[in-house]
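A.B. asks: one predicted model, sequence on top.
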Amino acid sequence: MKFSKLFFNLIVATALVFSFQAQAQAQTQPAEEPIMELLNSMADKPEDHKAIADYYRKKAGEAREEASLHEKMKDKYRHSHAQMKGMAAGKSTQKHCERVIKLQQSVAEEYDALAELHEKSAKQ
């Protein structure tokens, strides 16, 4: 009797957890971004291509801002944190920033290339 009651409670608890988890996921999933709506319609009109190009230019700017922020952080680690100088932590934080800078610069270039492609399509 105890085993069946315990088993029943376990089943009910599991079902509740899964239902709450599913509900939480449904509420936390972001709405589709407007850019995805434009891309899904495949940008048939020049103004669609212009809007997509503007979106990619904005994303390129955000990537450059992130690169700039990490450039400042790298300089802080290099100059302001003397206690970390020569330590593994100080070197690894600088290397982290250098990797992020390169990555974000590359991301910005990719967004610029996509923007340029859509700008050309908007002019056709």
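C.D. replies: That came through fine. Fair warning: this is a prediction, and the values are worked out from it, not measured in the lab. Residues are numbered from 1 along each chain as shown.
A.B. asks: where along the chain do the helices fall?
C.D. replies: Secondary structure of the chain (DSSP state H): helices at 2-28, 34-40, 46-79, 88-123.
A.B. asks: rank those helices by mean pLDDT and give me the bottom one.
C.D. replies: Mean pLDDT is lowest for helix 2-28 among the helices of the chain, at a mean of 52.
A.B. asks: residue 57 touches residue 108, doesn't it?
C.D. replies: No. The pair residue 57 / residue 108 is not scored as a contact, 9.9 Å apart, by CB atoms under 8 Å. (Each C-beta comes from the backbone N, C-alpha and C, glycine too.)
A.B. asks: more neighbours: which of these two?
C.D. replies: Applying other CB atoms under 10 Å to residue 57 and residue 108 shows that residue 108 carries more neighbours, namely 21 against 18.
A.B. asks: and for that one, nearest residue in space, chain neighbours not counted?
C.D. replies: The shortest distance from residue 108 to any non-neighbouring residue, by CB to CB, 6 or more residues apart in numbering, is to residue 63 (3.9 Å).
A.B. asks: tell me how many other residues crowd residue 95.
C.D. replies: 12.
A.B. asks: likewise for residue 114?
C.D. replies: 17.
A.B. asks: cool, and residue 45?
C.D. replies: Counted with other CB under 10 Å, the neighbours of residue 45 add up to 11.
A.B. asks: wait, what's in contact with residue 56?
C.D. replies: 111, 112, 114, 115, 118 (CB atoms under 8 Å, 6 or more residues apart in numbering).
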